[in-house]
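In: output the structure for:
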Amino acid sequence: MASYLVDLASRQAFGNVDRVSVHMVDISSFSFPLVKAHGYPPKVWLTVDKNPSILPLVKASTPLIKHVFFEQTTKLDNMSAKSLLVAALSTLALAIPFEGHVEERQTCAQQWSQCGGATWSGATCCISGSSCVAQNEHYSQCLPSTSTTGATTTSQTTTSATRTTTTTTGGTGTTTTRATTITSAASSSTAIASGNPFSGVSMWANSYYASQVSAYAVPTLGAKAAAVAQVPSFMWLDTFSKIALMKSTLADIRTANAKGANNAGIFVIYDLPDRDCAATASNGEYSIANGGIANYKAYIDAIVTVLKDYSDVRVILVVEPDSLANLVTNLNVAKCSNAKAAYLECTNYAIKALNLANVSMYLDAGHAGWLGWPANLAPAATLYAQVYKDAGAPASLRGLATNVANYNAWQIPGACPSYTQGNTNCDESSYVNNLGPLLKAGGWDAHFITDTGRSGHQPTGQSEWGDWCNAKGTGFGIRPSANTGNTLLDAFVWVKPGGECDGTSNTSAVRYDYHCGLASALQPAPEAGSWFQAYFEQLYSNANPAFA
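Out: Next up is the predicted model:
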């Protein structure tokens, strides 16, 4: 085996790297002879063609190199890594004709998968067509390479994709699959939202969640699990970068609607500064102390721009889960009391800016085990009615969303579970029926939607009603539908995508919350927002109604 130490001519192009060791291995002793370059994170491997005509050259340690494979690129992009290799080879004191071509060979994360974060130890690159985009310091994700970040998104692309829509006029829904072509040209028509925005329309089952189910759940559970991907769940815009996904989703919907469908996009606005003030598992990208209010307004403005570009598509929004509910019960928490003014200012800005003809909004209102206690109902009604009036009673603000990312049944069959601790409002129907009249008396004739995505198995494995993180004993619940049987309730919906984690059980993680380490929480659990396969399997096996 011959070994050579190579000085690079242009070390400035490669950071602090100034030498690469190249080892040439005789193919007579290995089935797949390699030349390996050491010294920088890209693990560069050279394969040598096993061609009888060049064996004499190989045995003389002068192999004819045909292919170069880059196994993984971390700090360097691919072009820099390739340049690094060429520079190293060009300085070898060997008469080697480099007649081959350069290819990538990466064990990289699939689209939508995690690719980075403070405690992440998996793949840090993405498959072709995707880029690793930091959502926050704890979580990076492989997003389509056409995604953009920043205050504006101006790129216009055309791609092909397959999407699924679910009609919401029945309890279990019907599904159809359509091949679509994304176009980003604006339409001259405007979709007008009035009355129940779910009535007579189909909620859109987005490809973001479908790709997660396909990549992680189907290989383990089989083709039946693919049915879950056909159930529409809300897309969470929990970072600025996700706005690009909203745009591509609305483009898909526009194309499908142009062919005769009547689909509505469903999204969650979730990027308040000092988000998740009473917990730590879902802390966001903006802080009040570091320009968070201005950043949030820019985030809302960017969403408004997209919605105006797609004014012909009806859009339904859930606005800021947990935020206003924390102002009802958790002002004893310093972070919440400090955030109160910012929460109110940002919420007011959002619902006024998003008051568009094609938009319907629902403010998050906690759940029965939070604001449904008799002592909390009146203060909650007062706060929400005031927010509504302070924003000028926007026509697009339809009402409130309950049970988002929680586990309560719409109606408990029989006695209330022991963990509800005697609260007579132990299910979401009781909560809605008691809160609605109080809101109306306060000047807001609000309607509701309820998240039933994880409420199918009752009772759950919660020890306390406040055990919110990755609760054991849960299952997929009532399918999204506008057929609710209650005039206050516009629809059953799946706001929380089943299988996405509530928070990590790793006690050393920056965003660790003790609720995620309780005995009633499924463990081990990854970071919030990451795919949690074991939890998906639990939801699937306990689904009610079951997936056939």
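
In: use CA for all of it now, contacts and neighbours both
Out: OK.

In: quick one: residues in contact with stretch 346-360.
Out: 190-193, 197, 272, 293, 296-297, 300-301, 304, 311-317, 320, 361, 387, 390-392, 394-398 (Cα atoms under 8 Å, 6 or more residues apart in numbering).

In: show the end-to-end separation of stretch 444-460, please.
Out: Between the opening and closing residues of stretch 444-460 there is a gap of 33 Å (Cα to Cα, to the nearest Å).

In: mind checking the pLDDT average for that stretch?
Out: On average, the pLDDT along stretch 444-460 is 98.

In: how about it: buried residues?
Out: In terms of neighbour count (16 or more other Cα atoms under 10 Å), stretch 444-460 has its buried residues at 444, 446-460.

In: where exactly do the helices run in the chain?
Out: 55-59, 78-90, 207-212, 218-221, 226-229, 243-258, 292-309, 323-329, 334-353, 374-390, 428-441, 533-541 (DSSP state H).

In: format those as JSON lines; extra columns: distance to Gln523, mean pLDDT and mean neighbour count.
Out: Converted to JSON lines, those look like this (distance: least, Cα to Cα, whole Å; pLDDT from 0 to 100; neighbours: other Cα atoms under 10 Å):
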{"stretch": "helix 55-59", "distance to Gln523": "53", "mean pLDDT": "34", "mean neighbour count": "16"}
{"stretch": "helix 78-90", "distance to Gln523": "37", "mean pLDDT": "40", "mean neighbour count": "18"}
{"stretch": "helix 207-212", "distance to Gln523": "20", "mean pLDDT": "90", "mean neighbour count": "20"}
{"stretch": "helix 218-221", "distance to Gln523": "18", "mean pLDDT": "91", "mean neighbour count": "14"}
{"stretch": "helix 226-229", "distance to Gln523": "23", "mean pLDDT": "94", "mean neighbour count": "20"}
{"stretch": "helix 243-258", "distance to Gln523": "30", "mean pLDDT": "96", "mean neighbour count": "22"}
{"stretch": "helix 292-309", "distance to Gln523": "33", "mean pLDDT": "98", "mean neighbour count": "20"}
{"stretch": "helix 323-329", "distance to Gln523": "26", "mean pLDDT": "98", "mean neighbour count": "22"}
{"stretch": "helix 334-353", "distance to Gln523": "28", "mean pLDDT": "98", "mean neighbour count": "18"}
{"stretch": "helix 374-390", "distance to Gln523": "32", "mean pLDDT": "98", "mean neighbour count": "18"}
{"stretch": "helix 428-441", "distance to Gln523": "27", "mean pLDDT": "99", "mean neighbour count": "19"}
{"stretch": "helix 533-541", "distance to Gln523": "9", "mean pLDDT": "97", "mean neighbour count": "21"}
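
In: now those as a markdown table including distance to Ala491?
Out: As requested, the helices of the chain are arranged in a markdown table below (distance: least, Cα to Cα, whole Å):
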| stretch | distance to Ala491 |
| --- | --- |
| helix 55-59 | 70 |
| helix 78-90 | 48 |
| helix 207-212 | 20 |
| helix 218-221 | 28 |
| helix 226-229 | 19 |
| helix 243-258 | 20 |
| helix 292-309 | 22 |
| helix 323-329 | 21 |
| helix 334-353 | 21 |
| helix 374-390 | 20 |
| helix 428-441 | 12 |
| helix 533-541 | 21 |
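
In: of all those helices, which lies closest to Ser282?
Out: Each of the helices of the chain has some distance to Ser282 by Cα to Cα; the shortest is helix 323-329, at 11.9 Å.

In: got any ranges where the stretch 1-150 of the chain has weak pLDDT?
Out: Filtered on pLDDT under 70, the stretch 1-150 of the chain yields the residue ranges 1-107, 111-112, 118-119, 135-139, 144-150.

In: pLDDT score for Arg241?
Out: Residue 241: Ser, not Arg. According to the prediction, Ser241 has pLDDT 95.

In: ok, back up a step: just give me the closest of the buried residues of stretch 444-460 to Cys501.
Out: Distances from the buried residues of stretch 444-460 to Cys501 were compared by Cα to Cα; the smallest belongs to Arg454, at 12.3 Å.

In: wait, what's in contact with the closest one?
Out: When the contact criterion is Cα under 8 Å, 6+ apart, the partners of Arg454 are Ala405, Asn406, Tyr407, Thr474, Gly475, Phe476, Gly477, Lys496, Gly498, Leu539.

In: cutoff 10 Å now
Out: Contacts for Arg454 (Cα atoms under 10 Å, 6 or more residues apart in numbering) come out as 403-409, 460, 471, 473-478, 494-499, 539-540, 542-544.

In: give me the number of residues near the closest residue to Gly284 other than its chain neighbours?
Out: Closest residue in space to Gly284, ignoring its immediate chain neighbours: Arg275 at 5.6 Å, by Cα to Cα, 6 or more residues apart in numbering. As a burial measure, the neighbour count of Arg275 was computed by other Cα atoms under 10 Å and equals 25.

In: how about Lys259?
Out: Other residues near Lys259 number 10, with proximity taken as other Cα under 10 Å.

In: re the thing from before, what sits against the residue nearest to Gly284?
Out: 282-288, 320-323, 335-336, 339, 343.
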